[in-house]
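*Asks:* fold the stuff below for me.
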Amino acid sequence: MSNTSTFIFNDGGRSHYFKGRAGDCATRAMSIALELDYKLCYDELAKAHSAKTGKRSARNGIYKDDFDTVLKRHGWIWHSAPKFEGRKARYSDMPQGRVIVRMARHFAAVIDGVLYDAWDSRDKMVYGYWAKT
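*Replies:* Numbering: from 1, shown residues only. As a prediction, this is how the structure comes out:
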């Protein structure tokens, strides 16, 4: 189904706009999976997050519901992770194509079984994923 040990470092284009570290995994994952400019994704997610919280930034993370709202606008839908006997789902269990996985306090892009992220999150369990309809 997928390549079981592949990780590729990708900041989603963040380094073209910002310096330093941030809790911007939703922006990164969206930029990579949807093949959109990082700043465009950042601005769209910040606007959705601001509407609910008043915080005008996506730098330190956003809520799953806000992320879901934005991804739905782009034609992506939520799927629960596959169930397995005796173990939790991992990124390598995701379907082929482009998906965004939701892990514990983290989002990442997975493309054809390869994890694209700014750090190696391969060991985290996956709760579910978004995929293009």
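
*Asks:* ok, which stretches of this protein are helices?
*Replies:* Applying DSSP state H to the chain gives helices spanning 25-34, 38-53, 64-73.

*Asks:* among those helices, which gets the worst mean confidence?
*Replies:* Among the helices of the chain, helix 38-53 has the lowest mean pLDDT, at a mean of 86.

*Asks:* give the buried residues for it.
*Replies:* 38, 41-42, 44-46, 48-49 (16 or more other C-beta atoms under 10 Å). All C-beta atoms are positioned from the backbone trio N, CA, C, and that covers glycine.

*Asks:* would you mind getting the angle between it and helix 64-73?
*Replies:* Relative orientation of helix 38-53 versus helix 64-73 (axes from the mean of the first three to the mean of the last three C-alpha atoms, to 10 degrees): 130 degrees.

*Asks:* what packs against helix 38-53?
*Replies:* Secondary-structure packing of helix 38-53 (3 or more C-beta pairs under 8 Å, 6 or more residues apart in numbering; DSSP states H and E): helix 25-34, helix 64-73.
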